[in-house]
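*Asks:* what's the 3D shape of this:
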Amino acid sequence: MAIWKKAIDLETLNRTSQNTLMEHLNIVYTDVGEDFISATMPVCSFTHQPLGMLHGGASAVLAETLGSIAANFCVSEGSYCVGLEINANHIRSMRSGHVIGTAKPIHIGVSTQVWQINITDERERLVCTSRLTMAVKQAKSERLEKGKE
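*Replies:* Okay, here's the model as predicted:
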């Protein structure tokens, strides 16, 4: 059974990246399943650190991008998710090619969500593993209606 509470497809996902950091880093959503979202990111001059390897921060951006967008498609209209904490373990260095990130839920709760994001190289070797914790919030108008403010 799919976890998504909002209509989700690749065109919609990629449209959300316009005029954002994701567009600048050339992150492209490539797959959506019943419980995961995947995207690619190039390993090149604009994702390198000074030693010519994939920057750990670029991996963290890919991980947070995937987990955050996934979390927001798992809540009902009137709710949204924001990041609370991210960690990333950098396992393998890369100098060129593309990385593929895949986000899957560990926990989808009423007030928090936890996502596991694995980033691999084109040969499916683990490059980075990340965990993202998201807070589930209600839009202000929703809080007012429920008497929370």
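
*Asks:* which residues of this protein fall in strands?
*Replies:* Taking DSSP state E, the strands of the chain run over residues 28-32, 37-43, 79-90, 97-108, 112-120, 126-138.

*Asks:* Could you list every helix and strand that the first one packs against?
*Replies:* What that stands for is strand 28-32. helix 10-15, strand 37-43 (3 or more C-beta pairs under 8 Å, 6 or more residues apart in numbering; DSSP states H and E). Every C-beta, even on glycine, is put in place using the N, C-alpha and C of the backbone.

*Asks:* deepest of those, which one?
*Replies:* strand 37-43 (a mean of 22; mean count of other C-beta atoms under 10 Å).

*Asks:* circling back to that earlier point, quick one, which of the helices and strands packed on strand 28-32 gets closest to Asn26.
*Replies:* With C-beta to C-beta, the closest approach to Asn26 among the helices and strands packed on strand 28-32 belongs to strand 37-43: 5.4 Å.

*Asks:* what does that closest one contact?
*Replies:* Residues outside strand 37-43 that contact it (C-beta atoms under 8 Å, 6 or more residues apart in numbering): 13, 25-32, 47, 54, 58, 62, 65-66, 69-70, 73, 94-103.

*Asks:* hmm, 6 Å instead?
*Replies:* Residues outside strand 37-43 that contact it (C-beta atoms under 6 Å, 6 or more residues apart in numbering): 25-31, 54, 62, 66, 70, 94, 96-103.

*Asks:* I'd like to know how far the nearest residue to Ile91 once chain neighbours are set aside sits from Gly56.
*Replies:* Spatial nearest neighbour of Ile91, excluding adjacent residues (C-beta to C-beta, 6 or more residues apart in numbering): Leu126 at 4.9 Å. Computed as C-beta to C-beta, to the nearest Å, the Leu126 to Gly56 distance reads 14 Å.

*Asks:* for Ser38, same thing?
*Replies:* 20 Å.

*Asks:* do the same with Ile8
*Replies:* Taken as C-beta to C-beta, the span from Ile8 to Gly56 is 29 Å.

*Asks:* More neighbours: the two, which one.
*Replies:* In this view Ile8 and Gly56 are compared by other C-beta atoms under 10 Å, and Ile8 has more residues nearby, 18 against 14.
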